[in-house]
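**Q** Starting from these lines, generate the structure:
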Amino acid sequence: VQLVESGGGSVQPGGSLRLSCASSGYTANSGCMGWFRQTPGKEREAVAVVYGGGGFPLYADSVKGRFTISQDNAKNTVYLHMNSLIPEDTAMYYCAAGLVRGSCLRGEYMHWGQGTQVTVS
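**A** This is a model prediction of the structure:
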């Protein structure tokens with residue numbers, strides 16, 4: 001299984017970015033799949049996840065109303081549309097798939113991408 005993230009970059013506060021996670025060897029609509037982020041010295045936190053082929057998104061409170069997760073099952077790709085970005089959104093963003101245990105938003109995942117950096121300043 002390989003997850004490849006792209007779309008990160010630097011943006012000013014209030015700006016937008018779209019992250020993509022292309023999966024190979026894993027069917028995107030077969031379970032939970034989503035985005036997590038981490039900054040140095042802090043624990044990784046959930047941002048947004050989706051299950052049920054994209055029909056059931058879940059969001060962290062900190063991004064509700066600003067971020068949208070979507071899924072293209074034909075392309076085995078999950079997207080994270082980030083609007084109204086704030087400096088606190090600065091982090092390395094990781095794509096995850098293959099829930100091992102727990103809930104989609106807070107559980108443990110088997111597969112992780114290499115991460116893509118998002119900087120808001």
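**Q** Show the contacting residues for residue 5.
**A** 19-21, 93-95, 113-116 (Cβ atoms under 8 Å, 6 or more residues apart in numbering). For every residue, glycine as well, the C-beta is placed using N, CA and C.
**Q** List buried residues within these.
**A** Taking 16 or more other Cβ atoms under 10 Å as the criterion, what is buried in those is 19-21, 93-95, 113, 115-116.
**Q** Could you save those residues as TSV and add columns showing secondary structure?
**A** Compiled in TSV, these are given as follows (DSSP: H, G, I helix; E, B strand; the rest coil):
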residue	secondary structure
19	strand
20	strand
21	strand
93	strand
94	strand
95	strand
113	coil
115	coil
116	strand
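**Q** Dump those residues into TSV; add pLDDT and distance to residue 4 as well.
**A** Shown next, in TSV, are the buried ones among the contacts of residue 5 (pLDDT from 0 to 100; distance: Cβ to Cβ, whole Å):
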residue	pLDDT	distance to residue 4
19	98	11
20	98	8
21	95	7
93	98	13
94	97	11
95	96	8
113	96	6
115	96	10
116	97	9
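**Q** between these, which is nearest residue 72?
**A** residue 20 (9.3 Å; Cβ to Cβ).
**Q** so who does that closest one touch?
**A** Neighbouring residues of residue 20 by Cβ under 8 Å, 6+ apart: 5-7, 77-79.
**Q** switch to 6 Å and redo it
**A** Counting by Cβ atoms under 6 Å, 6 or more residues apart in numbering, residue 20 touches 6-7, 77, 79.
**Q** can you redo the contacts of residue 5 as a markdown table with distance to residue 102?
**A** Converted to a markdown table, the contacts of residue 5 look like this (distance: Cβ to Cβ, whole Å):
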| residue | distance to residue 102 |
| --- | --- |
| 19 | 23 |
| 20 | 25 |
| 21 | 20 |
| 93 | 20 |
| 94 | 17 |
| 95 | 18 |
| 113 | 19 |
| 114 | 23 |
| 115 | 21 |
| 116 | 24 |
